[in-house]
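Chemist: Mind looking at a prediction? Sequence and model below.
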Number of protein chains: 2
Amino acid sequence: MISIHHLTNSRSQRIIWLLEELDVEYTIIFHERDKKTRQAADSLHQVHSLGKAPVLIDETLSLAETGAIVDYLLETYGKDKLVIATGYPARTDYLYWKNFAEASLMPYLAMTKLFSRIEQGTPFIVRPIAKLVIKKINKEYLHANLVTEVNLIERHLSEHQWFAGDQFTAADILMGFMLDALCGKFITKTSHPNSCNFVEEIKARPAYQRAKEKGKWSEKEFNLYWNHLRIGS
Amino acid sequence: MISIHHLTNSRSQRIIWLLEELDVEYTIIFHERDKKTRQAADSLHQVHSLGKAPVLIDETLSLAETGAIVDYLLETYGKDKLVIATGYPARTDYLYWKNFAEASLMPYLAMTKLFSRIEQGTPFIVRPIAKLVIKKINKEYLHANLVTEVNLIERHLSEHQWFAGDQFTAADILMGFMLDALCGKFITKTSHPNSCNFVEEIKARPAYQRAKEKGKWSEKEFNLYWNHLRIGS
């Protein structure tokens, strides 16, 4: 029996969603964020030394790192679902977006979050200076890179229904989560219609809906967490 | 014929090294960093809209994102080399470290670089404040996370010769590069002997040596680039 260590309202929701799409049985072990620091709970450090979710348990196997968990689940329980097999033309798109989600898009999103935390944590008296420095970094580096990335995504989705070919895959799960953080804030239905429509489509999936309930997903909490991405904020 | 867009003395060196390990024919298209900003050359924006290296060209295919390029090359030209096949016990280690390198370790390293750039770019008059803020972030967040990660790596390498099982794989190429940035600076032969010995071992590989020459790799430049990781700096 599979179990998944899950930090509520975090990226590990994607693995619950994946498990629902695969129609595999599993149990969820819930962990909460520290109410004050908003960091992952200490309880996660007892599961994996990095203290992060998700961690997948399958019999004696304990595996962390979202990208690795996705590959493992698809190989072990996927029955060729949610993946583009080797040799098919869309395989490279699958590989590209699956890796892009974790290694290119997520780090920039995580950095914007870190900077917003720094700003809030800077002593009141020097906060205006911190604000100026962060504004400059956002303008010249973080937001600039994010703009390039969301434009690339929008262009891809204007030509394709899904990230890899004409079928829904794990790449859509990984990418969809982050587009959800961006849509209505950093990008809008007017500026990036295909990306925001994509978010609506994935949210309508029965497996997404079931995962939402089972993972105790709060759209409100999620949007509050990423609210610093709001343009002009 | 494969060609690879390569930014000199950057992470894309890993793909050249991989190609040498695979013994595949290829050509290199060199790009240089901007002398002033140290950022990737503008010429890369003509290759891929993200303006980053590496980008692999194979006939009509153009593929970015290191993790995706590694998977593609192994699937297409690997002949089962440098990978642990599905179903073998070390497969999960392979998946874990390959994904960890790009999605967990590299983002922290990139963030330390970004902060060191911010410090240098902050106007002289407020630099002491920026220095204090960055010192706090490093202590409480970046360095703290890096310490957890390097300790996990050291523990793994104290029990295994390679990152995935008893044979050299692409996971070692991805991880080795970053350990090279850390060894002798953030960690030492005394504090993390297995990690630093691992770096020496990979550097002695004939394929690494050939890649060094073909990719115009400068150890001096690389060490200067990551010098801010030096403990106490």
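Modeler: Sure thing, it's come through.

Chemist: Can you pull the phi and psi angles for the closest residue in space to A:P54 that isn't next to it in sequence?
Modeler: Nearest residue to A:P54 in three dimensions, chain neighbours excluded: A:S12, at 3.6 Å (C-beta to C-beta, 6 or more residues apart in numbering or on different chains). C-beta: built from backbone N, CA, C; applies to glycine. Geometry field for A:S12 lists phi and psi as phi -70, psi -10, criterion degrees, to the nearest 10.

Chemist: residues touching A:S12, list them.
Modeler: A:S12 makes contacts with A:4-6, A:53-54, A:66, as judged by C-beta atoms under 8 Å, 6 or more residues apart in numbering or on different chains.

Chemist: Would you mind putting the residues you listed into a markdown table with neighbour count alongside?
Modeler: A markdown table is the format used below for the contacts of A:S12 (neighbours: other C-beta atoms under 10 Å in any protein chain shown):
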| residue | neighbour count |
| --- | --- |
| A:I4 | 23 |
| A:H5 | 23 |
| A:H6 | 23 |
| A:A53 | 25 |
| A:P54 | 27 |
| A:T66 | 26 |
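
Chemist: Which single one of the residues you listed is nearest to chain B?
Modeler: Within the set of the contacts of A:S12, A:T66 lies nearest chain B; the separation is 7.2 Å, counting by C-beta to the nearest C-beta.

Chemist: Quick check: which ranges of chain A have low pLDDT?
Modeler: Across chain A, the stretches falling below the confidence threshold (pLDDT under 70) are A:232-233.

Chemist: Domain-wise, how is chain A divided?
Modeler: Here the domain parsing of chain A from automatic domain parsing is A:2-77, A:91-229.

Chemist: distance between the ends of the shortest one?
Modeler: To tie it back to what came earlier, the one meant is domain A:2-77. 11 Å (C-alpha to C-alpha, to the nearest Å).

Chemist: show me what contacts A:P54?
Modeler: Remark: with contacts taken as C-beta under 8 Å, 6+ apart, A:P54 is in contact with A:4-7, A:11-12, A:14-15, A:64, A:66, A:69.

Chemist: show me where chain A has strands.
Modeler: Taking DSSP state E, the strands of chain A run over residues A:2-7, A:26-31, A:55-58, A:61-64.

Chemist: Please see if the last one touches chain B.
Modeler: Yes. If you take C-beta under 8 Å from any C-beta of the partner chain as the test, strand A:61-64 does meet chain B, through A:61, A:63-64.

Chemist: Could you pick out the buried ones from these?
Modeler: Listed as buried from those are A:63-64; burial here means 16 or more other C-beta atoms under 10 Å in any protein chain shown.

Chemist: quick one, helices of chain A?
Modeler: Read by DSSP state H, chain A holds these helices, from start to end of the chain: A:13-22, A:66-77, A:91-100, A:106-121, A:127-137, A:143-159, A:170-182, A:193-203, A:206-214, A:219-225.

Chemist: can those helices go into TSV with extra columns for distance to A:L44?
Modeler: Shown next, in TSV, are these (distance: least, C-beta to C-beta, whole Å):
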stretch	distance to A:L44
helix A:13-22	14
helix A:66-77	14
helix A:91-100	24
helix A:106-121	17
helix A:127-137	28
helix A:143-159	28
helix A:170-182	19
helix A:193-203	27
helix A:206-214	19
helix A:219-225	17
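
Chemist: mind checking which of those is nearest B:N138?
Modeler: helix A:106-121 (11.5 Å; C-beta to C-beta).

Chemist: Between helix A:143-159 and the closest one, find me the angle.
Modeler: 140 degrees (axes from the mean of the first three to the mean of the last three C-alpha atoms, to 10 degrees).

Chemist: how far is helix A:106-121 from where the chain is centred?
Modeler: Taking C-alpha atoms, centre = their mean, to the nearest Å, the mean C-alpha location of helix A:106-121 is offset from the chain mean by 15 Å.

Chemist: Next: stretch A:43-60.
Modeler: Taking C-alpha atoms, centre = their mean, the mean C-alpha location of stretch A:43-60 is offset from the chain mean by 18 Å.

Chemist: Pull out the buried positions in that stretch.
Modeler: Applying a neighbour-count criterion of 16+ other C-beta under 10 Å, the buried positions in stretch A:43-60 are A:44, A:47-48, A:50-58.

Chemist: Output it as CSV, restricted to C-alpha atoms.
Modeler: Below are the C-alpha coordinates for stretch A:43-60, written out as CSV (Å, rounded to 0.1, in the frame of the first residue of the first chain):
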residue,chain,number,x,y,z
SER,A,43,7.3,16.4,11.7
LEU,A,44,8.5,16.2,8.1
HIS,A,45,12.1,16.1,9.3
GLN,A,46,11.4,12.7,10.8
VAL,A,47,10.3,11.4,7.4
HIS,A,48,13.2,12.7,5.3
SER,A,49,16.3,14.5,6.3
LEU,A,50,15.5,17.4,4.0
GLY,A,51,12.2,18.0,5.9
LYS,A,52,10.2,18.5,2.7
ALA,A,53,7.0,17.1,1.2
PRO,A,54,6.1,15.0,-0.8
VAL,A,55,7.7,11.8,0.4
LEU,A,56,6.3,8.6,-1.1
ILE,A,57,6.3,5.4,1.0
ASP,A,58,5.7,2.2,-0.9
GLU,A,59,6.4,-0.9,1.2
THR,A,60,10.0,-0.5,2.3
